[in-house]
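Participant: let me see the structure of the following:
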Amino acid sequence: MWWYQMENQEKIGETFETFKWTIKDFCKLKSKKIYSQNFYIGGHSWRILMYPKGNNVDYLSIYLDAGTLADVETRFSKFKLVLINQVNDKLTQIKETQHTFNARESDWGFTSFIPLADLYIYNKGFIVNDTCISEARISISRPELEKKVDEAAPPVSVQVPAKPIEHADNPLPMDMSAIPIDELVDFRGLGKIEKAFVPLLDEVCAKHPSVIGCQKKRSRRFSEWAFTALGRVLHFLKTKKVRDMDEEACSHLQILWEELETFRFNLTWLEPHVQSALGMKNYMERSAKVKSVKENVAALEMEMKKLKAMVASVEVDLEMARRELVKVEEGFEEIDLDGEVGYGP
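Facilitator: Residues are numbered from 1 along each chain as shown. Below is the predicted model:
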């Protein structure tokens, strides 16, 4: 069971917004890696990625994950990753770094955060009642914070999408200011959209006019968020191969899809494709099983051919031995070897 909460921490010159992740039944976890729930800080979607038994090292490994980013998208962040000591606050482990997240490096952090030997010793205080607590503290500049507060209250006439439970602390799913201006283009007068998404959006809008129609009465900012969310899902489906759909990719797509659903598009035409893509993980697992069994069958067939060749060779040797036996037995009379040799009457 996982539990989380959001809080702000301010220091002179900067503000850190904090996501707290409480992981229960920690020692019973069987997965090699686990993700926190999706959360929003600074207008961006984040998750904590953790390897409870280490990422191929004898240390707890913790990273900040930015999810699936478009090829043209970059996101700079200064952040801290924290492992709470529940017995002594002074022993809480805090590591700070900064990184420009992109499509190739969408997670960043510390492979060797704390030795597993220190983590799993019961009296060290990092695991209490089989519960471990980790935090991500992400820096937000004062202008960003003020902008976020101002934009979080749209005009009364604007219809704001219902917020999913895990997004309740931040209603802003996108921050277009984080994208270079030369990578944004006007999309049908509805707002500035990432250039890479526009051809995909044009294609679906031509096939499904309701996609445009349902957004015409929205505010420009709302439409930018909505079509960016749609563009991200379309870009994911367009660029991913079947072989890419492992557990992590399916998890990313699920997050993108949940974000898109908040904008109240009619998505009945897209949902089957998304669900099919999410089901590719099961297909890939079954495909791997089929491949393994096929390889086993091929190996056994090869072994069978070798054995048949050996049997054929033995049959030839057997026939030759029988013919030789006929020759040597000619004129040969068997006697009782246990009988007496004797010396006559």
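Participant: all helices of the stretch 151-300 of the chain, in order?
Facilitator: Ranges of helices in the stretch 151-300 of the chain, per DSSP state H, counting those that start in this stretch, are 198-207, 210-213, 220-239, 247-261, 271-278, 280-329.
Participant: please identify the most buried of the ones you listed.
Facilitator: helix 220-239 (a mean of 21; mean count of other CB atoms under 10 Å). All C-beta atoms are positioned from the backbone trio N, CA, C, and that covers glycine.
Participant: tell me what that helix is packed against?
Facilitator: strand 192-194, helix 198-207, helix 247-261, helix 271-278 (3 or more CB pairs under 8 Å, 6 or more residues apart in numbering; DSSP states H and E).
Participant: nearest to Lys305, out of these?
Facilitator: Set against Lys305 and scored by CB to CB, the helices and strands packed on helix 220-239 come closest in helix 247-261, at 38.9 Å.
Participant: got any ranges where the stretch 51-200 of the chain has weak pLDDT?
Facilitator: The stretch 51-200 of the chain contains residues with pLDDT under 70 at 141-183.
Participant: swap the cut-off to 90 and go again
Facilitator: 67-77, 99-100, 102-106, 121-124, 139-197 (pLDDT under 90).
Participant: between the helices and strands packed on helix 220-239, which gets nearest to Phe16?
Facilitator: Nearest to Phe16, of the helices and strands packed on helix 220-239 and by CB to CB, is helix 247-261 at 23.2 Å.
Participant: could you list the residues in contact with the closest one?
Facilitator: Residues outside helix 247-261 that contact it (CB atoms under 8 Å, 6 or more residues apart in numbering): 35, 38, 45, 47, 67-68, 164, 173, 229-230, 232-233, 236, 240, 267, 274, 277-278, 280-281.
Participant: could you give the angle of that helix to helix 271-278?
Facilitator: Angle of helix 247-261 versus helix 271-278, following axes from the mean of the first three to the mean of the last three CA atoms, to 10 degrees, is 160 degrees.
Participant: ok and helix 247-261 relative to helix 280-329, angle-wise?
Facilitator: Going by the same axes, to 10 degrees, helix 247-261 makes 150 degrees with helix 280-329.
Participant: now helix 247-261: mean pLDDT?
Facilitator: Averaged across helix 247-261, pLDDT comes to 88.
Participant: C-alpha coordinates for that helix, CSV please?
Facilitator: Taking C-alpha atoms only, helix 247-261 is exported to CSV below (Å, rounded to 0.1, in the frame of the first residue of the first chain):
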residue,chain,number,x,y,z
GLU,A,247,5.8,-2.7,-18.2
GLU,A,248,7.4,0.8,-18.0
ALA,A,249,6.0,1.9,-21.4
CYS,A,250,2.5,0.6,-20.6
SER,A,251,2.7,2.5,-17.3
HIS,A,252,3.7,5.7,-19.1
LEU,A,253,0.9,5.3,-21.6
GLN,A,254,-1.6,4.8,-18.8
ILE,A,255,-0.6,8.1,-17.2
LEU,A,256,-0.9,10.0,-20.5
TRP,A,257,-4.3,8.4,-21.1
GLU,A,258,-5.6,9.4,-17.7
GLU,A,259,-4.4,12.9,-18.2
LEU,A,260,-6.1,13.1,-21.6
GLU,A,261,-9.4,11.9,-20.2
